[in-house]
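Asker: everything below, folded, please.
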Amino acid sequence: MRIAVLGNGAWGAALAAACARRGHRVRIWGAPLREGDARTLEEALEGAEIILFAVPSHAMREVAGRARASLPQGAILVSVAKGIEEDTDLRMSEILAAVTGRAEIAALSGPSFAAEVVRGTPTALVCASADARVARRVQEALGGETLRIYTSDDLAGVEIGGALKNVIAIGAGACAGLGLGDNSRAALITRGVAELARVGAALGGQPRTFFGLSGLGDLILTCASAQSRNYQVGESLGRGLTFAQAMANLKGTAEGVRTARSVHQMVEHRKLDAPILRAVYAILHEGLPVAAALRELMAREPRPEFPSEMDAA
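Answerer: A predicted model of the protein is given here:
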């Protein structure tokens, strides 16, 4: 197949490598890798049957707009970015649909560090689409010996899980920066999953999705490894660096920083119970010290782990 990858960052390059291993003809568009390597957007898209949008979430609308006139008829548009657009609260697939007017849209998500995908480490992802045929086509094209692709019809849930876990991963990094141990990380991951499911369902996802690859799976990965850029931001803040210092030390994009702001707006508007997401937002965007955020979380009113219907009422 002809596959276009828009975005030549680490994740775009990793997916391009995975597609090439499957024997597909792949073109990458982005900033030139070296002098003479520049490809125009039109050349990258020419004849493409699947187009992977591997740009940061804040650039999705611009890139989709630039690509719109050159999109081949019938091509499947796949978002592999994990974020929610600021101000509009739109997911990446919603941006692609609104900007391009196309219906053949999917999202690919799950626990995956780019470097390990490049090395061929066995990895499992989930492809979600409102059209089962679209999800299956991506599954068949990208899945292989080292990359196992599952399908889902819960496009909203898969994208929300991938976005929200980045915010919680910042909290995990902050705990590590404070020098806390495995007990704290386990608590954060467990309560983070509960929060993902609760908030995600309120935002339109299916509860079971958040216990799958794009929820629990991705949360475990990013909350337990310093390879995660979101984790790195939190770890720097936990060690006492300022927000500006933490961002200056970062190589690449930490999607959770922007997503924290978008999610906070959505949570506040809907009056949802999201203490971890609120705490991370306050640390990032209100200057709340990490230690103070931790004290507030631990001082919350005692409650059952699984409230009954009577308790919830």
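Asker: for the protein, which segments count as strands?
Answerer: Applying DSSP state E to the chain gives strands spanning 2-6, 25-29, 50-53, 76-79, 105-109, 123-128, 147-152.
Asker: show me where the stretch 51-200 of the chain has helices.
Answerer: Along the stretch 51-200 of the chain, counting by DSSP state H, counting those that start in this stretch, helices occupy 60-67, 92-100, 114-119, 132-142, 155-177, 182-202.
Asker: wait, which of those is closest to Leu284?
Answerer: For Leu284, the closest of those is helix 155-177, at 7.0 Å, according to C-beta to C-beta. Where C-beta positions appear, they are placed from N, C-alpha and C, glycine not excepted.
Asker: relative to helix 92-100, how tilted is the closest one?
Answerer: 130 degrees (axes from the mean of the first three to the mean of the last three C-alpha atoms, to 10 degrees).
Asker: give me the neighbour count for the closest residue to Glu86 other than its chain neighbours.
Answerer: Spatially, and ignoring its direct neighbours in sequence, Glu86 is nearest to Ser262 (5.2 Å; C-beta to C-beta, 6 or more residues apart in numbering). Neighbourhood size, Ser262 [other C-beta atoms under 10 Å]: 21.
Asker: returning to what we had before: can I get the helices of the stretch 51-200 of the chain in CSV with mean pLDDT?
Answerer: CSV is the format used below for the helices of the stretch 51-200 of the chain (pLDDT from 0 to 100):
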stretch, mean pLDDT
helix 60-67, 95
helix 92-100, 98
helix 114-119, 95
helix 132-142, 97
helix 155-177, 97
helix 182-202, 95
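Asker: and of the ones you listed, who's closest to Ala106?
Answerer: Per C-beta to C-beta, nearest to Ala106 of the helices of the stretch 51-200 of the chain: helix 132-142, 5.3 Å.
Asker: buried stuff in the closest one?
Answerer: Val134, Ala135, Arg137, Val138, Gln139, Ala141, Leu142 (16 or more other C-beta atoms under 10 Å).
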